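Q: I'll drop the sequence and a predicted model, then ask my questions.
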Amino acid sequence: MAPTIPPLKDKSLLIDRAFVNSQWVPSESGKTFEVTDPSTGVVVGTCPECDVSDTEAAIDAAANAFKTFRATTARQRSDMLRKWHQLMLDNAEDLAILITMENGKPLADARGEVKYASDFLLWFAEEAPRIYGSTIPASVGGKRILTVKEPIGVCGLITPWNFPAAMVTRKAAPAIAAGCTVVVKAPGETPLSSLALAELARRAGIPAGVFNIVTTLENTPAVGNALCTHPKVKKVSFTGSTAVGKLLMKQSSDTLKKLSMELGGNSPFIVFDDADLDAAVEGALMSKFRSSGQTCVCANRIYVQRGILPAFGKKFVERVRRYKLGSGFDPSATHGPLIHARAVDKVDSHVRDAEAKGAQIALGGHRMTTDADPGRQGGRGGHFYPLTVLLDATPEMLVAREETFGPVAALFPFETEQEVLAMANASEVGLAGYFFSRDVQRCWRVAEAMEVGMVGINTGIISDPASPFGGVKQSGFGREGSALGIDEYLTVKSMTFGGVEVRP
Ligand code: SIN
């Protein structure tokens with residue numbers, strides 16, 4: 001039997017409506033879609049299947065609210081974000097249950113995500129009062145130049161399913177801190193967490209029209225297009241695949257929107273033979289198997305120097321063997337399911353391709369089909385794929401060329417620093433990269449040589465609201481979190497004063 005889902009303490013946080021202008025609304029068409037638990041296939045909620053007209057209503061609400069919200073003081077916005085943060089902490093367990101229900105990650109990880117998500121609210125509550133301008137010495141006499149930063153306007157925020165709460169707050173908190181208003185397109189797989197956040201935003205006193213949410217599964221392309229083409233939307237922030245990012249960028253070009261694109265990765269993770277072996281194994285496990293491999297900063301290619309490879313491979317496999325797959329509500333499960341059947345198909349295709357090209361399967365590596373599989377306990381069956389370790393991976397394999405986005409650790413041998421850097425950088429994308437070494441000279445050299453936006457040096461976890469998150473190359477542009485994150489939602493206005501008399 002699949003474990004039962006714990007009841008919410010506050011049942012009003014399980015919401016089946018979109019949120020527009022502080023009202024809970026059905027879609028205009030009346031259509032809905034089902035939200036399922038990916039570990040069982042059991043339906044856990046329904047949401048409105050919003051379309052273009054619902055999205056336009058949300059944009060109008062946001063545009064109307066912007067007229068007054070832009071004039072609030074930074075301190076007022078900071079206080080609202082702080083209240084929202086506190087409400088997240090007060091309702092942390094319910095929010096974690098909602099995340100696990102719709103995303104499948106273990107409850108302990110969901111609790112971690114709630115903390116991570118709430119920290120963005122606190123961080124940007126602290127940044128709101130520090131939106132500083134500057135004064136600039138003019139090139140000619142009699143003039144004075146200064147700059148002010150202003151909120152850009154209505155923002156369309158398109159968020160992914162892998163962090164149902166944290167990706168909403170990572171975008172909405174800086175936008176609101178800046179004085180913008182937002183329309184969130186919640187992911188079709190995981191809309192329930194976003195809606196609970198909207199209810200908490202309402203309770204925190206965030207004014208009507210400032211934070212709006214539309215939900216959709218089938219109409220996702222049309223709703224995305226509406227956000228990208230609508231003239232009242234001035235900025236779009238998207239987290240998702242590079243292919244969809246390129247499409248949204250094209251759609252946004254007619255109205256020349258400001259964009260933030262946090263797109264796909266293919267993270268190299270390098271273990272040099274001077275590394276602390278145990279720390280490197282721990283780091284690789286954390287980076288690779290976080291959210292069952294479904295984060296865009298998960299290690300995708302694990303390069304291990306020949307001298308340390310046998311010891312690393314042995315310890316790594318031993319540690320993975322101890323993990324347990326299962327429903328996120330099973331306290332003994334360390335890892336949950338994949339989000340849907342397409343994800344399982346993709347992961348399996350990478351493993352089959354690697355096997356055909358000579359990789360050795362040290363662990364896992366085959367679809368789960370027996371009645372003992374966790375996904376077949378009750379419901380319509382879950383989307384599990386066993387935690388898998390592949391040895392002898394090579395650059396020709398799909399696991400090297402594409403982001404697997406699943407629980408497959410592919411170990412690639414290498415000989416020299418030069419060789420591994422060439423392999424690590426041989427990718428069109430450049431989001432995160434990691435390496436382990438105890439040689440301080442090498443640490444500087446390799447960190448500077450890696451073509452990525454974020455480097456983890458002797459750590460497998462780099463995500464922190466204080467640190468700029470974003471990529472280079474086809475991993476996109478813009479930075480989230482950190483002191484830089486708020487600038488994505490601001491424009492700079494310069495003011496030049498003429499006729500300034502200078503008295504001797
Ligand atoms: C992502 O996968 O897009 C976000 C990962 C993170 O914030 O750590």
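A: Good, I have the coordinates.

Q: now the closest residue to the ligand within the chain, what's its secondary structure?
A: Going by CB to the nearest ligand atom, the ligand is nearest to residue 463 of the chain, at 3.2 Å. No exception for glycine: its C-beta is placed from N, CA and C like everyone else's. Here residue 463 is recorded as coil under DSSP: H, G, I helix; E, B strand; the rest coil.

Q: check contacts around it.
A: Applying CB atoms under 8 Å, 6 or more residues apart in numbering, we find residue 463 in contact with 116, 297, 469.

Q: Kindly identify which of those residues also come near the ligand.
A: Contacts with the ligand within the contacts of residue 463, counted by CB under 6 Å from any ligand atom: residue 297.

Q: what residue is smack in the middle of the protein?
A: residue 167 (4.9 Å; CA atoms, centre = their mean).

Q: shouldn't that residue be in contact with residue 240?
A: No - using CB atoms under 8 Å, residue 167 is not in contact with residue 240; the gap is 9.6 Å.

Q: got any residues that touch both of these two?
A: Between them, residue 167 and residue 240 share the contacting residues residue 160, judged by CB under 8 Å, 6+ apart.

Q: Please settle this for me: is residue 236 part of a strand?
A: Yes - applying three-state DSSP, one finds residue 236 inside a strand.

Q: Give me every residue in the protein that's in contact range of the ligand.
A: Neighbours of the ligand within the chain, by CB under 6 Å from any ligand atom: 160, 162, 163, 239, 295, 296, 297, 463.

Q: repeat that with 8 Å
A: Contacts of the chain with the ligand, taken as CB under 8 Å from any ligand atom, map to 116, 160, 162-163, 166-167, 170, 239, 262, 290-291, 294-298, 462-463, 469.

Q: tell me the SS of the closest residue to residue 217 other than its chain neighbours?
A: Closest residue to residue 217 apart from its sequence neighbours, by CB to CB, 6 or more residues apart in numbering: residue 188 at 3.3 Å. Secondary structure for residue 188, judged by three-state DSSP, is coil.

Q: can you pull the contacts of residue 188?
A: For residue 188, the contact set (CB under 8 Å, 6+ apart) comprises 33, 161, 215, 216, 217, 218, 220.

Q: same thing with residue 173?
A: The neighbours of residue 173, taking CB under 8 Å, 6+ apart as the test, are 81, 120, 121, 123, 124, 125.

Q: Please apply the same query to residue 357.
A: 394, 396, 397.

Q: mind redoing it with 10 Å?
A: Residue 357 is in contact with 392, 393, 394, 396, 397, 398, 399, 400, counting by CB atoms under 10 Å, 6 or more residues apart in numbering.

Q: Am I right that the second one is in a helix?
A: Same thing as residue 393. No - applying three-state DSSP, one finds residue 393 to be coil, outside a helix.

Q: coming back round to it: looking at the contacts of residue 173, which are in helices?
A: Members of those lying in helices (criterion: DSSP state H): 81, 120, 121, 123, 124, 125.

Q: And for the closest residue in space to the last one that isn't next to it in sequence, the neighbour number?
A: Once its chain neighbours are removed from consideration, residue 125 has its nearest residue in residue 81; the separation is 3.7 Å (CB to CB, 6+ apart). The burial metric for residue 81, expressed as a neighbour count using other CB atoms under 10 Å, is 28.

Q: Could you do residue 143 as well?
A: 14.

Q: Surely it is in contact with residue 135?
A: No - the pair residue 143 / residue 135 is not scored as a contact, 11.7 Å apart, by CB atoms under 10 Å.

Q: and residue 455, how many neighbours?
A: Residues within reach of residue 455, counting by other CB under 10 Å, total 17.

Q: Spell out the secondary structure type for it.
A: Counting by three-state DSSP, the backbone at residue 455 sits in strand.

Q: contacting residues for it?
A: Residues in contact with residue 455 (CB under 10 Å, 6+ apart) are 432, 433, 434, 435, 443, 446, 447, 448, 449, 462.

Q: try residue 241
A: By CB under 10 Å, 6+ apart, the contact list for residue 241 reads 160, 247, 263, 264, 296, 403, 405.

Q: what two of those are the furthest from one another?
A: 247 and 405 (18.6 Å; CB to CB).

Q: which of these two has more neighbours?
A: For the pair residue 247 and residue 405, the greater number of neighbours falls to residue 405 (24 against 16), based on other CB under 10 Å.

Q: Thought residue 162 was touching the more buried one, still the case?
A: Yes - if you go by CB under 10 Å, residue 405 and residue 162 touch, sitting 8.5 Å apart.

Q: Name the residues contacting each of these two.
A: Residues touching both residue 405 and residue 162 (CB under 10 Å, 6+ apart): 291, 292, 294, 295, 296, 298, 339.

Q: nearest to residue 273, of those?
A: Using CB to CB, residue 298 is the member of the shared contacts of residue 405 and residue 162 that sits closest to residue 273, with 23.6 Å.

Q: Quick one: residues contacting that closest one.
A: Contacts of residue 298 by CB under 10 Å, 6+ apart are 162, 265-267, 269, 286-292, 403-409, 431-432, 460.

Q: So which of those are in helices?
A: Those of those lying in helices (DSSP H): 286, 287, 288, 289.

Q: from those, which is closest to residue 387?
A: Closest to residue 387, out of all of the ones in helices among the contacts of residue 298 and judged by CB to CB, is residue 289, at 6.4 Å.

Q: contacting residues around the closest one?
A: Residue 289 touches 298-299, 319-320, 323, 334-335, 387, 406-409, 460, counting by CB under 10 Å, 6+ apart.

Q: where's residue 49 relative to residue 159, distance?
A: Residue 49 sits 17 Å away from residue 159, going by CB to CB, to the nearest Å.

Q: For residue 79, which three-state class applies?
A: helix.

Q: Was I right to think it contacts residue 126?
A: No - in this structure, residue 79 is not within contact of residue 126 by CB under 10 Å, at 11.6 Å.

Q: residues near residue 270, how many?
A: Neighbourhood size, residue 270 [other CB under 10 Å]: 26.

Q: Oops, could you answer that again for residue 129 instead?
A: Residue 129: 13 neighbours (other CB under 10 Å).

Q: Per-residue pLDDT of it, please?
A: As predicted, residue 129 sits at a pLDDT of 98.

Q: Was I right to think it contacts residue 178?
A: No - taking CB under 10 Å as the definition, residue 129 is not a contact partner of residue 178, at 11.7 Å.

Q: Quickly list what's touching both of the two.
A: Shared contacts of residue 129 and residue 178, counting by CB under 10 Å, 6+ apart, come down to 74, 77.

Q: who does the helix or strand that contains residue 259 pair up with?
A: Per DSSP states H and E, residue 259 falls inside strand 258-262. In the sheet, strand 258-262 lines up against strand 233-239 (parallel), strand 476-477 (antiparallel) (DSSP bridges).

Q: Most tightly packed of the ones you listed?
A: Mean neighbour count (mean count of other CB atoms under 10 Å) peaks for strand 233-239 among the strands paired with strand 258-262, with a mean of 25.
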